[in-house]
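# let me see the structure of the following:
(chains A, B, C and D)
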Amino acid sequence: MSFPLLTATAALPAIGAIVTAAVPAAQRTAAKWLALFFSLGTLVLAGIVFVRFEPGGDRYQLTESHAWIADFGVRYELGVDGIGVALLALTALLIPFVILAGWHDADPLETKSSRWRPTQGFFALILMVEAMVILSFEATDVFLFYILFEAMLIPMYFLIGGFGDRAHAGTDENAAAQRSYAAVKFLLYNLAGGLIMLAAVIGLYVVAGSFSLSEIAEARANGSLEMASSTERWLFLGFFFAFAVKAPLWPLHTWLPNAMGEATTPVAVLITAVVDKVGTFAMLRFCLQLFPEASKWATPVILVLALISIIYGALLAVGQRDIKRLIAYASISHFGFIVLGIFAMTSQGQSGATLYMVNHGLSTAALMLVAGFLITRRGSRLIADYGGVQKVAPVLAGTFLIGGLATLSLPGLAPFVSEFLVLVGAFSAYPVVGVIATLGIVLAALYVLVLYQRTMTGPVGEKIGGMPDLRVRELAVALPLIAVLIFLGVFPKPLTEVVNPAVQHTMQDVQKKDPQPEVEAAK
Amino acid sequence: MTSGLAAAATLTSTGEAVQFWLLGTVAVVGALATVLMKKAVHSALSLAGTMIVLAVFYLANGAYFLGIVQVVVYTGAIMMLFLFVVMLVGVTAADSLKETLKGQRWLAAACGLGFGILLIAGIGQASLSSFNGLGAANARHGGNVEGLANLIFTKYVFAFEITGALLITATVGAMLLTHRERTERAKSQREMSQERVRSSHLPPLPAPGVYARHNAVDIAGLLPDGTPSELTVMQTLRRRGQIRDVSDESLADLKALEQRSGERLGRDRADDGLAKNDSAGKDLAEDGEEVAK
Amino acid sequence: MNPVNYLYLAALLFTIGASGVLIRRNAIVVFMCIELMLNACNLTLVAFSRMHGNLDGQIIAFFTMVVAAAEVVVGLAIIVSLFRSRHSASVDDASLMKL
Amino acid sequence: MENLIALLVAAPLLGAAVLLCGGRRLDRAGHWIGTLFAAASFVVGVVLFVDMLGRGADDRTLHQKLFSWIPVEGFQADVAFQLDQLSMTFVLLITGVGTLIHIYSIGYMEHDERRRRFFGYLNLFLAAMLILVIADNYLLLYVGWEGVGLASYLLIGFWQHKPSAATAAKKAFLVNRVGDMGLSIAIMLMFTTFGTFAFGPAFEATGDTSEGKLTAIGLMLLLAACGKSAQVPLQSWLGDAMEGPTPVSALIHAATMVTAGVYLIVRSGAIFNAAPDAQLVVVIVGAVTLLFGAIVGCAKDDIKKALAGSTMSQIGYMILAAGLGPIGYVFAIMHLVTHGFFKAGLFLGAGSVMHGMNDEVDMRKYGGLRKFMPVTFVTFGLGYLAIIGFPGLSGFFSKDMIIEAAFAKGGTEGWILGCVTLLGAAITAFYMTRVMLLTFFGEKRWQPDAEGHEPHPHESPKSMTIPMIVLAFGSVFAGGFFSIGDRFMHWLEPVTGHDHGHAPVSATTVTAATMVVLVIGVAIAWTMYGRKPVPVVAPRGSLLTRAARRDLLQDDFNHVVLVRGGEHLTRSLVYVDHTLVDGVVNGTAASMGGLSGRLRKLQNGYARSYAVSMFGGAAVLIAATLLMRAV
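Sure thing, here's the model as predicted:
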């Protein structure tokens, strides 16, 4: 048997989490370095996966399969398709930056007792999340995926509730209350989604007699597994609801601004750039593959929800006073685009959606982490507390601007590619939807530029004067992300090559063909 | 006994009927008294009465063994145990029958009534018009006791053994529950005497009833000024709050004495002093009540 | 007389006992009421035993007595120790079960 | 030779990268590096131009494919360039004027501590603009399109510490985004209609396409052009964009970027030719803007804003010409080029004036500057003569052609358009004369500023005057050079095609009419501003004047409807999100909590109370049993 590469990519951060957690209280710095090294190791493994993956080969590659709970036919089945590989790479790429950016975020404020070890816990939890997210991108067994989907909530809950943003307006108690509110809200929303999904998972098992994605998909494809359309729809809705909460889609989005606002910025990035991607990823992998007919049935409603998300998220972002909440609402808008791309059911739309997941992860990470550096300096999340930062910290302002431009999908930066593909994909299938979604790009410009204008330009604000520019550690976070953003904006081919075949498979699953151009249709 | 053996039809003898109606009334009254009597002792005694009646009913129903057991074990042992505990806890501590839980009494009454009606309706519905009587069953092994013994040691032997184990366990459990672990070393006699010398009461505590007109243990002795001293009452009774206060009686007596002597001496001005004394007495009585509570 | 009357009597006693449990606050009296209920049950069993013409009902009544004895022993022990710690035998004083 | 094309873009891009990433150590040499890269690009452009001249008219288009950009099933976008005569014209204009303005900026920005970054942004702009004009497909064009938007944003807001500059920059970007939306929808439409958005295949496919689709594409392209070229209704950003440093106004907001809309329409000629309805709208937009800009230009006291109005108006001419179809394409581009020269010259002159006047922009506080700044006066004057169409100068030729072409459109339409363009010419003469008179003639009207500094008007350094002189040279001779022997027409004809149309009046008549309106305009301006002294504080003015000062109330409209409305919308949405969307969920949670709180009260801890429920439960069970038996 060959080396279980996929297991290794998930196991390494998990081991890292245990090792980091076990570091003694005094060796705080050692814990940080350990976490960083483990995340870099994971990145190397993910790189190997990316290289070993053959775009033209089988649908699922590097597969592993072991019996797990034999009585229910639950298997430990792993395998990646192009979409999985892309997201795997994104996760592995982002975590080192998240760790670097959060280097001091979990330092104990004062040494309460020698046994108090928040730092170790913080980094261990981050690595734990990484392990689970990576494994969920690899799981091809529905039950295994479900377990990971839910288990992820545990470390996330502690990350949100246990390590708050130190820059808050109110008193400590007030902040703690808001933080625990945010954490509980996050947990309850996702748990509610997850429980409904559990019902659907069980229902699927009852109907299909198996949890294996490939088996069920194959059975569906060759007609040996007939599903009544009402059954299929209910199961689809069960799955979709959970993913829509996670993604988050309007109107299930309200947990995200709270969670992102109250969590530390690295954790906020973790939420929106990594964990939430599991939701949209699962829509592509599970909803479309397992329930193609129901997916098509639900498409009109979902497209409308996605459109509302796009416009609504953007408008709300414009109205925010808190930097992090603004970015959170911007993310909601972007998730709307992703869902739009997935359910447009065209090659361009789905490729675009997959790229969008990756690019949104990168761009939000860049914007949010730099915003985090800014917030740490001033100790406030309110936009009104800033002004003229550009004058005192030009590099910070510059990187912030680039992050912002990526968020508004400026051509030349990676998100443009994906956003345009999504729009084209949506437009070619549903022109009106495409046109309305295009409004989103104007609104994106509005919230990004308003944010930039109010924080970075104008006269130098109060308490901004002595603000230091980015330090080496912070540059080590911002610059590579920007470099990747530019690279993928100019040359996204390595990604599209990997993603395209997977998208074609999905298109076959749902039995959809791209609409023909009018000219060729006329011929 | 012959009537019992013969009673294989639908009706019993008239004698039994008379017995039933007479004793049944007693049983119900006893049960009601158990529930309604203010003092636990009275409840216990009423319950004992009901149980004896039931024993008679058992006998009448041909359950001779059980009838005897009922008298010996239930009435004799269990009820006495109850009485012991009542004594331990305090005979006089009467329950106030005032309900503290809102709506509890109404709910209880409604439930009881509904339950009773339903139960009786249920029994009425059941087709129980004929019955076999125990004659044959008792006779099979040569009597009721033998019949029971046969069953207990054959068919129900395991249940029997297990109940034995249960009884042992219950005994141990009761010991465990009532046993109080000594948390500190017992004081030696020497230490106790030293302690006594150091305390403010070197001489023996005053005996109850000193300067009083009672010699009951639960009545505080009066000090020379007529006020009761709790020190004269046993510590246990003090803790339980079972001190009877008779100071008001003695004060009333004093008052009567004063009045009489006043009348005799023709003093009018004594009213003031009397009034004063009266109020003082009332205050004292109230204090005593509060202490009792 | 129809022996069913024994059943009616038992039902009546049982109901009285049950109401007593609900109404009284003194734990000892509550206990007595429970005993009353058990006795009512025993009477039923004995009556049924006679109706069916076999002794099994009496056996069960016998067991009930034994169990009742054990229960009384333990229950009274609990009351005694409760009284020791609280100086009260009221069941309402022990209301720690909420929340 | 094809391989050189990428170099055109690469040079300024590299310059931008070096300057922006180089850090402070490049501060002292930054402007030279920037200028060098711009000049390098110009040199490459000239080399390519010479090469192109050396080939036959039909063999002049070069292609270079660099790499496949976004390869997705059915959607193939390449990074590929196409250099034909039209692109070449723009390349030379952009790199040429760009280089001159780089040189000018060395002097103009001398005292600015962030000069290195300014040059970085300028280089970035050049690169983006070059991508725009040499892209061989619409998606890559879109990259350049947004790229120049970004550069424009950065440069307008260059003095970010001024809130007005930051706001203007944001406004420019946003309004442009609305236009960009049009372009992206147009690209999507092309993709769904033609299956491609590369120029060549797309234009070939126009023949097989329904006119409706083409009209839609055309209108969307027009929307894009309106945004970028500041045409009504998306013109509002251009006036505010004057917050940027003057070289920026000259390069981006006069000579090159704002003309990208014209390029787009001319480039998409094949589509517009097949969609007459779209063309009609183009012409209307051009005509309206032409007058709009001109009227606004008449009322502004800020020299740069007056020139901005003029720019708008002149681009209106170009758009109008482009909307005329093959009759006008060539003239649109020709006017674009000459306008690039004289308007850049005018802006540089204005910058020079401001440079000497402590950055004062109010023309009412100038006056009589011709004595203090002779070189500026002469170059500005030549630009002025060129723009009003003084015979023999550039503007005369190019504008005259457009007016002729407007008449040549034929029918009522032609007459209306012709008259509008003539009217525009008259107003142009008026407001430019006004600018000229207010600035250089009359009494000096400047006063000490708030801190008591008396301005000392002086001539600008050589680095600034030389570009002005070069541009003035262009303003004078370019038109003649292009027109004599229809050189420019023959140069562009292979790309754009040309049609003479049916002029209802002869060219001579048109020229004569132009002359007449020109004289009328100048004369009115002279009577108003030349003969009597100009008040320093602007008089109240007529209703029209006041409206024109406020950009004909278009900004107010935007403010009330879009800004205020938007603010209310977002605020109410924030409220809705908090109370309604979140409230539904929180409400569910709260009601559950309330319910369980109430249920919890049943759980009072009293054993007797529990006993009641048990007893009641038993009763219910019996009842149920009896009931079941009864049933």
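# CA only for contacts and neighbour counts going forward, please
OK.
# did I read that right, D:Ala77 in a strand?
Yes. Assigned with DSSP: H, G, I helix; E, B strand; the rest coil, D:Ala77 falls within a strand.
# got a pLDDT number for it?
Predicted confidence (pLDDT) for D:Ala77: 87.
# just B:Gly15 next, same as before
84.
# which element is it on?
Here B:Gly15 sits within helix B:14-36, counting by DSSP states H and E.
# next one: that helix to chain centre, how far?
The chain centroid and the centroid of helix B:14-36 are separated by 21 Å, computed with Cα atoms, centre = their mean, to the nearest Å.
# would you confirm that C:Asn2 contacts B:Glu16?
No. Checked against Cα atoms under 8 Å, the pair C:Asn2 and B:Glu16 is beyond contact range at 10.1 Å.
# packing partners for whichever helix or strand comes after the helix holding B:Gly15?
The helix or strand immediately downstream of helix B:14-36 is helix B:40-60, counting by DSSP H and E. Contact analysis of helix B:40-60 by 3 or more Cα pairs under 8 Å, 6 or more residues apart in numbering or on different chains; DSSP states H and E lists helix B:14-36, helix B:64-69, helix B:79-89, helix C:27-52 as its packing neighbours.
# residue contacts, B:Gly230?
Quick fix: residue B:230 reads Glu, not Gly. By Cα atoms under 8 Å, 6 or more residues apart in numbering or on different chains, the contact list for B:Glu230 reads B:Ala220, B:Gly221, B:Arg238.
# which residue packs closest to the residue in the stretch 51-200 of chain B positioned nearest to chain D, ignoring adjacent ones?
Here the stretch 51-200 of chain B gets closest to chain D at one residue, B:Phe115, 4.9 Å apart by Cα to the nearest Cα. The spatially closest residue to B:Phe115, leaving aside those adjacent along the chain, is D:Ala619, at 4.9 Å (Cα to Cα, 6 or more residues apart in numbering or on different chains).
# so what touches the strand or helix carrying that neighbour?
Using DSSP H and E, D:Ala619 falls within helix D:607-630. For helix D:607-630, contacts defined as Cα under 8 Å, 6+ apart pick out B:101, B:104, B:107-108, B:111-112, B:114-115, B:118-119, B:122, C:18, C:21-23, C:91-92, C:95, D:603.
# again, but for stretch C:60-80
B:66, B:74, B:78, B:82, B:85, B:88-89, B:160, B:163, B:166-167, B:170-171, B:173-175, B:177-178, C:27-28, C:31, C:35, C:38, C:41-42, C:45-46, C:89.
# now it: mean pLDDT?
The model assigns stretch C:60-80 a mean pLDDT of 90.
# do the same with stretch A:5-14
The model assigns stretch A:5-14 a mean pLDDT of 91.
# the contacts of B:Glu230 in helices, which ones?
Taking DSSP state H, the ones among the contacts of B:Glu230 that sit in helices are B:Arg238.
# picking that back up, any idea which of the helices and strands packed on helix B:40-60 is most buried?
By mean neighbour count, with neighbours taken as mean count of other Cα atoms under 10 Å in any protein chain shown, helix C:27-52 ranks first of the helices and strands packed on helix B:40-60 at a mean of 25.
# check which helices and strands it sits against.
Other helices and strands packing on helix C:27-52, by 3+ Cα pairs under 8 Å, 6+ apart, are helix B:14-36, helix B:40-60, helix C:4-23, helix C:56-86.
# so where's the chain uncertain?
Just so you know, I chose chain A. For chain A, applying pLDDT under 70 flags the ranges A:1, A:109-116, A:165-172, A:523.
# not quite, I wanted chain D
Looking at chain D by pLDDT under 70, you get D:449-450, D:452.
# which helix is the longest one in it?
helix D:163-194.
# try chain A
Longest helix in chain A by number of residues (criterion: DSSP H): helix A:172-208.
# flag every buried residue along that helix.
Neighbour-count burial for helix A:172-208, counted by 16 or more other Cα atoms under 10 Å in any protein chain shown, picks out A:175-176, A:178-187, A:189-191, A:193-198, A:200-205, A:207-208.
# which strands and helices sit next to the helix or strand just after that helix?
Per DSSP H and E, the first helix or strand lying C-terminal to helix A:172-208 is helix A:213-221. If contacts are counted by 3+ Cα pairs under 8 Å, 6+ apart, helix A:213-221 sits against helix A:288-290.
# which other residues reach the helix it packs on?
With Cα under 8 Å, 6+ apart, helix A:288-290 has contacts from A:Leu213, A:Ile216, A:Ala217, A:Arg220, A:Ser295, A:Thr506, A:Asp509, A:Val510.
# most neighbours out of those, which is it?
A:Ser295 (23 neighbours; other Cα atoms under 10 Å in any protein chain shown).
# need the nearest residue in space to that one, chain neighbours excluded.
Closest to A:Ser295 by Cα to Cα, 6+ apart is A:Leu288, at 6.0 Å.
# where does the closest residue to chain A within the stretch 151-293 of chain B sit: helix, strand or coil?
Here the stretch 151-293 of chain B gets closest to chain A at one residue, B:Thr183, 34.8 Å apart by Cα to the nearest Cα. Look at B:Thr183: counting by three-state DSSP, its state is coil.
# tell me the pLDDT at it?
Per-residue pLDDT puts B:Thr183 at 75.
# do B:Gly67 as well
At B:Gly67, the model reports a pLDDT of 92.
# now the residue of the stretch 151-293 of chain B closest to chain A, what are its backbone angles?
phi -90, psi -10 (degrees, to the nearest 10).
# ok, it - how many residues close by?
6.
# pLDDT-wise, which helix or strand of chain B ranks last?
Lowest on mean pLDDT, DSSP states H and E among the helices and strands of chain B sits helix B:2-6, with a mean of 42.
# and if you look at chain C?
helix C:56-86 (a mean of 88).
# give the buried residues for that one.
Buried residues in helix C:56-86 (16+ other Cα under 10 Å): C:56-83.
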